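Visitor: Fold the following, please.
(3 chains)
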Amino acid sequence: MKSRRPSCTDSGSESSELDSKSPEKFETVTRRRIAANARERKRMQGLNTAFDRLRKVVPQWGQDKKLSKYETLQMALSYIVALSRILTDAKKHNVPHRQWLELQFDCVQPENYSCLMRCDSATAQEYIHSLPSYQFDGCHGLA
DNA sequence: TAGGCCATCTGGTCCT
DNA sequence: AGGACCAGATGGCCTA
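Guide: Below you'll find the model as predicted:
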């Protein structure tokens, strides 16, 4: 748990004014503020849980360093585009879905992008930005 | 040490 | 009135 920075409810920036007016009012405001902080923490924890779940289903760069939130969103976006391309291409080439998907999913297995996992972050970023046009053509001969 | 990333607090706005 | 959501501010941690 990170240390909390001093808050106005803790240090009382607005407290002195409220306190002089009405102790009850001050207490109510403080209690509400503390409750709101707790709800906000819980909300953000939920958001982070969702990010963790997203990280698990999105291609990862390397094994140790986890994607930042921004990178996770970028990668998820690219990944979705790539997957929908697979479906679109399957229709276009009139290939039996099962056979097509097997070929395509072979190309998105970790061993097939392991070379990219070893790239430095700049290269990875460049790749991420180019991902909307995921190049599967080199992975198979059907396109 | 600077910069990136993150958690937390906070006040504003909208909705129920 | 109170909760949910959001964005800005702030400070801590980590890495190059």
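Visitor: When you work out contacts or count neighbours from here on, use the C-alpha atoms and nothing else.
Guide: OK.
Visitor: quick check, the top helix by length along chain A touching DNA strand C?
Guide: Among the segments of chain A that qualify as a helix by DSSP state H, the longest is helix A:23-57. Yes: against DNA strand C, helix A:23-57 shows contacts by CA under 7 Å from any atom of the strand at A:32, A:35, A:36, A:39, A:40, A:43.
Visitor: quick one: the helix or strand that comes right after that helix to helix A:23-57, angle?
Guide: Moving toward the C-terminus from helix A:23-57, the next helix or strand (DSSP states H and E) is helix A:69-93. Taking axes from the mean of the first three to the mean of the last three CA atoms, to 10 degrees, one finds that helix A:69-93 is oriented at 40 degrees with respect to helix A:23-57.
Visitor: if we can go back for a sec, tell me which residues of the longest helix of chain A come out buried.
Guide: Under the neighbour-count criterion of 16 or more other CA atoms under 10 Å, helix A:23-57 has A:26, A:29, A:30, A:51, A:54, A:55 buried.
Visitor: Among the residues of helix A:23-57 next to DNA strand C, name the ones that also lie close to DNA strand B.
Guide: Restricting the residues of helix A:23-57 next to DNA strand C to those near DNA strand B by CA under 7 Å from any atom of the strand leaves A:36, A:40.
Visitor: can I get the residues of helix A:23-57 next to DNA strand C in a markdown table with distance to residue A:102?
Guide: Shown next, in a markdown table, are those (distance: CA to CA, whole Å):
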| residue | distance to residue A:102 |
| --- | --- |
| A:32 | 55 |
| A:35 | 51 |
| A:36 | 49 |
| A:39 | 45 |
| A:40 | 44 |
| A:43 | 39 |
